Structure formats: C-alpha cells, structure tokens
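Asks: sequence and predicted structure are below.
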Number of protein chains: 2
Amino acid sequence: MHDINSDTDTKNKIFLVAAHLFAEKGYNGVSMREISEHSGVSKPMIYYYFENKEGIYKQLLETGLNHGGEIIKQALDEEISFREKLKIIMQKRLTLTQIYPDFSRFFLLLNTSSTKFPVTKEFEDKIETHRNLFKGLIQEGIDSGEFGPRVNPVLAIDIIGAVLIHYVRKYLNNDDMKSPEEISDEVIELLFRGLNE
Amino acid sequence: MHDINSDTDTKNKIFLVAAHLFAEKGYNGVSMREISEHSGVSKPMIYYYFENKEGIYKQLLETGLNHGGEIIKQALDEEISFREKLKIIMQKRLTLTQIYPDFSRFFLLLNTSSTKFPVTKEFEDKIETHRNLFKGLIQEGIDSGEFGPRVNPVLAIDIIGAVLIHYVRKYLNNDDMKSPEEISDEVIELLFRGLNE
DNA sequence: TTTTATTTACTTACCGTTCGGTAGGTTGAC
DNA sequence: GTCAACCTACCGAACGGTAAGTAAATAAAA
C-alpha cells in the first residue's frame, strides 16, 4: 500500500527510519521511541500515520514483497535463455541490495529467522506466490533442456536460491564487492559448469 | 566453559530453555521472566548461575562454537578425498541440526542477522578461526586438484558455505527431509558435476 | 561426637527504567 | 468553523536486575 516516493514527508521519514532500525536490530530490538527520535517525528505522530508497531512492520513487508515480485515477473517476460534469466534476476536483486540496503537487510532477517511475528496469513500467501514464480522459472530450465538430464530440479532450486541469498548477505556486509553483473555472471556459470571442471 | 552434560540440574535447565527461546525469538524477543517461567527456575537463581542476560547468550555462543569447531577438525584429520570430507562435514552438521535443533537455530540467527549484540571481540576471533579452518579445507581441494582449473576458489567457498547453511535451515523448518547422508551426497555431487550435465 | 560457623541453593518482594500506546490540547490552512 | 497535522504529558505493564533473608548441607572447632 505504501509507495516509497509518495505520501507525506513525515510518513516517509518514519517509514525509512523504521526500515533501517528493524533491519539492524530486528523487530523486538527497536522501540517506538527510537523510531521517533531517529526520524525527528514525535511518537504520537507515528501512531497517527501507522496503526501501531506491527502496522509499520507489515507495511514494510508489503512494500518490499511487491517490489521483489516485479523483478522476477519482468525477467520471466524477456526473450532470453533460462541461464540469462537467472543471471538477470540475480543481478537485479544485487543491484536492489546496493540501492536499498535497509530494505534488503530487513528481508534477509525475515527469510532467515523463525521468529513468530506479524507475518500473518496474508503474507504467507504472498510469499508462497513468490516461491511459485521462482519454481516456474526453474521449470523453464527443465523444459528447455538447459539443465542436464541428471539434475534433480528440487536440488537445483535449493542451490540457486541459497547462493542468491548468500550473495545478497555478502553485499550487505562487504563494500569491496565486484559489480552485480560480474558476480552474477561468474556464479551462475560456475554453478552450471560444476566445481570439477 | 559450559558443558551441556555437567554442572547442576538447575543451571542446565536454564541453559536449555534459554537456547530454545533465543533460537525462536532472538535476543531482544526473550525476557528473563520468560526464561524463568519456562524453566521453572526463579529469576534471581538465573542471576545466581549467570552474570546477566548477555552472560547466558555468551555461554551459549561459546558452547556452540566449540562444538562446531570440533566437527571440522575431525573431518580434516581423516584420510579421505576432499570431496568426501565436504560430504562428511555437511552430513555431520545436518545430523547435529537434528539432535540439537535449538542450538542450531540459535546459530542460524547469529550467522544471519547483523544485530549489534553481545558478540564481543573474543567471539569475533573464534568465528574467524572457524572461517580459517574452512578456508584451509578448500585449499586442500585446490592443492589436490579436485577443483577444476577454471574454478575460482573464493566463489567455491561462498557457494559451498551458502548451500550448507541453506540445508541447515531447511532441516529446521521441514520434517519430511531425506537423511543427512543422502542429502549431503546428492548436493555435493551435483555441485561438482554442475547443473548442465 | 556434638556444636558452631560457613557456604550453597534457594525464596519473596521490590527497585528504577523503558516499553507500547493514548488522552487531550494547540495550531494553521482552507 | 472545521479538520488535518502536530504537541506535551502521561498511563499501566513489562523490562533487567537486586536486596535481604532462609533452609539445608558441609566444614571446622569443641
């Protein structure tokens, strides 16, 4: 519902500061006072623009999920090989990580922790939709014959997903990284070629 | 410092409950009252056995790191091929995940979040030592020629590490998983063979 | 061997601080 | 005169942590 570039300045300030703090310290590590002080917005004003603490968290989730889904959809529509699509998705995801590190870290925390939080049913569904988009992509690789005949597609999904997330994390923690294009190219090629070649 | 099977019953109860709760909700999501109530130990008794909340967290860290280091060291000492060593490490790590899911989840949270916590200098060093053990292992793969000549060893470390952690997480969240032996074998073979074969 | 002192494992009841959240008023633009 | 956008000041509950005492086991002294 929330667009990073719309609404009032005040709401946006809150939104960005909250993303940063949640990303850094997790949901329970952040207080409303902190958000208030770091954004220069008084505490009651936060409750004026957002329902409550969970409400901010949910809007962050929604915004990020919408963004992320777009990336995969766009890549699926392009008329290039499966391998190139994987590269583009990885590259776009890493680029997004550079541009919006706070949002990216926020989502890393999510994917990762088993924390019982404001991740309600509606979001489970949305996340499931994402996963299915990704599965559909892998199916393309199988159908097109770009996967070798001995490749277990379930394992392939795991491995590609794991590597992608790993590099997102690495991008967030190191600043002396190669460009998203280079990394994506090297990694995907290595995965297809195998470690023994 | 703390051995899971020693010390008093009371201290151990606290220890195990804390591991479970920290694993589930993160450091800031857990209160001393919760630990007290879930373990059936009064709050002041927790402060009797541990310095404070951070103290419990640190002892959990130390215990887990010591355990984890042993696995890699043992594998390094065996006289088998590099590829087999990788399989054994992965398999042992997954088995450990099955036996101590709480500890495993606890460490997943650690590796994963960028949370600014009681991860003091001493632990940074210990974690660095771990990383170096792992790097030494990869170097074996390069020296023995088991890695192909076109493989960038830095990428190889990333990919193997990422896949390992991914499967630990998967083991924690699903209960209909193949055995650690099967998974490790399939995954390592696929990584060496590559996706296109 | 009995008595006394000390230590260990535990209790109840409380401390000041911070938490998420709100009541109720103010201000300026339309 | 209304309403959106803001404020100060406060609420009860939960937080991490502790003071002060007790009951039982253990060690030292008689």
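Replies: Cool, got the structure.
Asks: next, the buried residues of the host helix or strand of residue A:184.
Replies: Using DSSP states H and E, residue A:184 sits within helix A:180-193. Within helix A:180-193, the residues that count as buried by 16 or more other CB atoms under 10 Å in any protein chain shown are A:180, A:183-185, A:187-193. Bear in mind the C-beta positions are built from the backbone N, C-alpha and C, glycine included.
Asks: same deal with stretch A:55-70?
Replies: Buried, per 16+ other CB under 10 Å, within stretch A:55-70: A:56-61, A:63-65, A:68.
Asks: go on, stretch A:96-114?
Replies: Within stretch A:96-114, judged by 16+ other CB under 10 Å, the buried ones are A:96-97, A:100, A:102-110, A:112-113.
Asks: tell me what the worst-scoring helix or strand of chain A on mean pLDDT is packed against?
Replies: Within chain A, no helix or strand scores below helix A:101-112, which has a mean of 81 by mean pLDDT, DSSP states H and E. Secondary-structure packing of helix A:101-112 (3 or more CB pairs under 8 Å, 6 or more residues apart in numbering or on different chains; DSSP states H and E): helix A:9-25, helix A:53-77, helix A:82-99, helix A:153-173, helix B:101-112.
Asks: quick one, which of these is nearest to DNA strand D?
Replies: With CB to the nearest atom of the strand as the measure, helix A:9-25 is the member of the helices and strands packed on helix A:101-112 nearest DNA strand D (3.7 Å).
Asks: taking helix A:9-25 as reference, get the angle to the next helix or strand along the chain from that closest one.
Replies: Per DSSP H and E, the first helix or strand lying C-terminal to helix A:9-25 is helix A:32-39. For helix A:32-39 against helix A:9-25, the angle by axes from the mean of the first three to the mean of the last three CA atoms, to 10 degrees is 120 degrees.
Asks: and helix A:32-39, anywhere near DNA strand C?
Replies: Yes. Judged by CB under 7 Å from any atom of the strand, helix A:32-39 comes into contact with DNA strand C through A:32-34.
Asks: which one of those residues has the most neighbours?
Replies: residue A:32 (16 neighbours; other CB atoms under 10 Å in any protein chain shown).
Asks: check contacts around it.
Replies: Counting by CB atoms under 8 Å, 6 or more residues apart in numbering or on different chains, residue A:32 makes contact with A:43, A:46, A:53.
Asks: show the buried residues in those residues.
Replies: Neighbour counting by 16+ other CB under 10 Å classes A:46, A:53 among the contacts of residue A:32 as buried.
Asks: picking up where we left off before, just the C-alphas of the least confident helix or strand of chain A, formatted as PDB.
Replies: Extracted in PDB, the C-alpha atoms of helix A:101-112 (Å, rounded to 0.1, in the frame of the first residue of the first chain):
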ATOM      1  CA  PRO A 101      20.400  -1.800   1.800                       C
ATOM      2  CA  ASP A 102      17.900  -1.300   4.600                       C
ATOM      3  CA  PHE A 103      15.000  -2.900   2.900                       C
ATOM      4  CA  SER A 104      17.300  -5.700   1.700                       C
ATOM      5  CA  ARG A 105      18.600  -6.400   5.200                       C
ATOM      6  CA  PHE A 106      15.000  -6.200   6.600                       C
ATOM      7  CA  PHE A 107      14.000  -9.000   4.200                       C
ATOM      8  CA  LEU A 108      17.100 -11.100   5.000                       C
ATOM      9  CA  LEU A 109      16.100 -11.000   8.600                       C
ATOM     10  CA  LEU A 110      12.700 -12.200   7.600                       C
ATOM     11  CA  ASN A 111      13.700 -15.100   5.300                       C
ATOM     12  CA  THR A 112      16.100 -16.200   7.900                       C
END
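Asks: touching that helix from outside, list them.
Replies: A:16, A:19-20, A:22-24, A:26, A:60-61, A:63-64, A:67-68, A:96-97, A:119, A:165, A:168-169, A:171-172, B:108-109, B:112-114, B:169.
Asks: ok, the buried residues of helix A:180-193 vs DNA strand D, which is closest?
Replies: Checking those one by one against DNA strand D (CB to the nearest atom of the strand), the nearest turns out to be residue A:180, at 36.9 Å.
Asks: need phi/psi at residue A:26.
Replies: The phi/psi pair for residue A:26 (degrees, to the nearest 10) reads phi 80, psi 160.
Asks: that one - how many residues pack around it?
Replies: Per other CB under 10 Å, the neighbour tally for residue A:26 reads 25.
Asks: nearest residue to it other than its sequence neighbours?
Replies: Distance criterion CB to CB, 6 or more residues apart in numbering or on different chains; nearest residue to residue A:26, sequence neighbours excluded, is residue B:26 at 5.3 Å.
Asks: please report how far that neighbour lies from DNA strand D.
Replies: Distance, residue B:26 to DNA strand D, using CB to the nearest atom of the strand, to the nearest Å: 11 Å.
Asks: which bits of chain A sit near DNA strand D?
Replies: With the criterion set to CB under 7 Å from any atom of the strand, chain A comes near DNA strand D through A:8, A:10, A:41-45, A:48.
Asks: against residue A:90, how distant is the nearest residue to residue A:95 once chain neighbours are set aside?
Replies: Once flanking residues are discounted, residue A:95 sits nearest to residue A:180: 4.8 Å by CB to CB, 6+ apart. Between residue A:180 and residue A:90 the computed distance is 8 Å (CB to CB, to the nearest Å).
Asks: got phi/psi on the residue of chain A found nearest DNA strand D?
Replies: Per CB to the nearest atom of the strand, residue A:42 is where chain A lies closest to DNA strand D, at 2.9 Å. Dihedral pair for residue A:42: phi -70, psi 150, per degrees, to the nearest 10.
Asks: isn't residue A:184 right up against residue A:97?
Replies: No. Contact criterion CB atoms under 8 Å: residue A:184 and residue A:97 do not qualify, at 11.9 Å.
Asks: buried sites along stretch A:40-56?
Replies: A:41, A:46, A:49-50, A:53, A:56.
Asks: quick one: average confidence on that stretch?
Replies: The pLDDT scores in stretch A:40-56 average 96.
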